[in-house]
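Engineer: need the 3D shape of this:
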Amino acid sequence: MQLHATTESRRSRGGLAPLLAAEHDLVDHPLFGDSAQIAERVLERYRFGVELFAERCPAIVASSEHVAALADADATTLFRDPVLRLALEQAFERLEAGTLSSPDRVEELLPLALGAMARSQEQLCLSRMRPPVPVGSDATMWLWNLPERGGATDSVLDTLWGCFESVSRGDRATLLAADCVTAQQVERACTLLRTTLPEIGPSVLGHITAIAIVDMSAEGGRLLSASGGDLIPSSILLSRTQLDDPWDAAGHLLHEGLHLKLFDIVRSHTLVRAATPMVDIPWRNIQWSIVRVVFAFHVYVHIVLFKKAVERDAPALTSRFGVPSRYAVTGHAMSVASASSASPYASAADRTRFLAEQLQGAWSAHLTEHGRRLVEWLVGAIEAIS
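Structural biologist: Predicted coordinates for the structure are as follows:
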């Protein structure tokens, strides 16, 4: 495998320990790992998209000229906004279908987003939070703090509530108010992740714009976290119950941030062929699509590395963040303190091996060339630390 050979040669030249080298490999690949390059492609896609939309939607011609004149840093802030991203992705879908025309939702939201940037250098969604609750000193992430619906119509606020309900399945979830204490708990988990994985942590967290703190249940029990994906881009949902445990909270941030990273990757590269079948997953009672398999494999490889990094640095980490086993153990495969289980596929490592075998074997025909390269790259990383 060419990518694996490249990884091995880099590792031997650099003289890095396998775990450090594997982490570096997982942020170094120009298509799948390097978040700076991934973000640059996303930025260029949105800049070009706005130009195309303006050809069919005259009301944003002036806005498109404004976007073209923005510095990259300002354009990046603009396009990290979840509601604007959603409108742009929907406009791309209508453009591809040949149905994009004026009036369109993007004609309303793009000028609003540019106005918010001009007034206070903040994103459109953030301007609707009451009050805004930033996370960390750099404040590149913020917590959802939505006012209730009612009073004057606010299309941005209505969209945010609609997005939350679509991701969280409506009446089975409650969006909780955020405060500075919650933000400090989230930042503690971010710090743990950055400390444990100093290259992967910042890379993954950079794909998260907003975090909704929730009380949410799903089939089989309480849902611990979720990614907004296409329903509310660059956003994740995190259960309030997980914040008391910085270890599991860090694992959830890694998990959902990786999903957002892969969503950003697939804006430019198709990984799975059209019309693929559903497949059986031995640790679930439902079938998965091949797309979901690829997303899960991408996460499990990184979770295995995270657990090994925790084991490597345990004394330094536990003195700072406490012993994982002292917190309530939820017994899930993503936890660094998973309850012991004799059932097959109980651990992230077991699931990683199964998915690797299938994606390199029976399911490989459903992957595109980019999909096979992604799998090969991930397999190379996990083999190096097994």
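Engineer: and for residue 198, the neighbour number?
Structural biologist: 14 (other Cβ atoms under 10 Å). From N, CA and C alone the C-beta is placed, and that goes for glycine too.
Engineer: quick one, grab the pLDDT at it.
Structural biologist: Residue 198 is assigned a pLDDT of 97 by the prediction.
Engineer: what of residue 203?
Structural biologist: Predicted confidence (pLDDT) for residue 203: 97.
Engineer: distance of it relative to residue 73?
Structural biologist: For residue 203, the distance to residue 73 (Cβ to Cβ, to the nearest Å) stands at 18 Å.
Engineer: for residue 147, pull up the helix or strand it's in.
Structural biologist: Residue 147 is located outside every helix and strand, with elements delineated by DSSP states H and E.
Engineer: and the closest residue to it other than its chain neighbours, what element?
Structural biologist: Nearest non-adjacent residue to residue 147, counting by Cβ to Cβ, 6 or more residues apart in numbering: residue 130, 4.5 Å away. Using DSSP H and E, residue 130 maps to neither a helix nor a strand.
Engineer: next up, the contacts around residue 130.
Structural biologist: By Cβ atoms under 8 Å, 6 or more residues apart in numbering, residue 130 lies in contact with 145, 146, 147.
Engineer: please report phi then psi for it.
Structural biologist: phi -130, psi 100 (degrees, to the nearest 10).
Engineer: pull the residues that contact stretch 207-215.
Structural biologist: Identification of contacts with stretch 207-215 by Cβ under 8 Å, 6+ apart yields 35, 80-82, 123, 125, 135, 140-144, 164, 168, 173-176, 178, 182, 186, 234-241, 243, 253, 256-257, 260-261, 264.
Engineer: if we use 7 Å, what do you get?
Structural biologist: The contact list for stretch 207-215 (Cβ atoms under 7 Å, 6 or more residues apart in numbering) reads 35, 80, 82, 125, 141-144, 164, 168, 173-176, 178, 182, 186, 234-240, 257, 260-261, 264.
Engineer: filter these down to the buried ones.
Structural biologist: 35, 80, 82, 125, 141-144, 164, 168, 173, 175-176, 178, 182, 186, 234-239, 257, 260-261, 264 (16 or more other Cβ atoms under 10 Å).
Engineer: where do the strands sit along this protein?
Structural biologist: Counting by DSSP state E, the chain has strands at residues 133-135, 141-143, 173-175, 210-218, 221-222, 225-227, 235-239, 278-280, 287-289.
Engineer: weakest of those in terms of mean pLDDT?
Structural biologist: strand 221-222 (a mean of 58).
Engineer: count of neighbours near residue 121?
Structural biologist: For residue 121, using other Cβ under 10 Å, the count is 9.
Engineer: next up, phi/psi of it, please.
Structural biologist: Dihedral angles (degrees, to the nearest 10) for residue 121: phi 60, psi 40.
Engineer: gap between the nearest residue in space to it that is not next to it in sequence and residue 288?
Structural biologist: Among residues not flanking residue 121 along the chain, residue 77 sits closest, at 7.3 Å (Cβ to Cβ, 6+ apart). Per Cβ to Cβ, residue 77 is found 35 Å from residue 288.
Engineer: and residue 48, by the same measure?
Structural biologist: 33 Å.
Engineer: which one of residue 77 and residue 288 is surrounded by more residues?
Structural biologist: Counting neighbours by other Cβ under 10 Å for residue 77 and for residue 288 shows that residue 77 has the greater number, 19 against 16.
Engineer: per-residue pLDDT of the more buried one, please?
Structural biologist: So, for residue 77, pLDDT stands at 93.
Engineer: how near is it to residue 122?
Structural biologist: For residue 77, the distance to residue 122 equals 8 Å [Cβ to Cβ].
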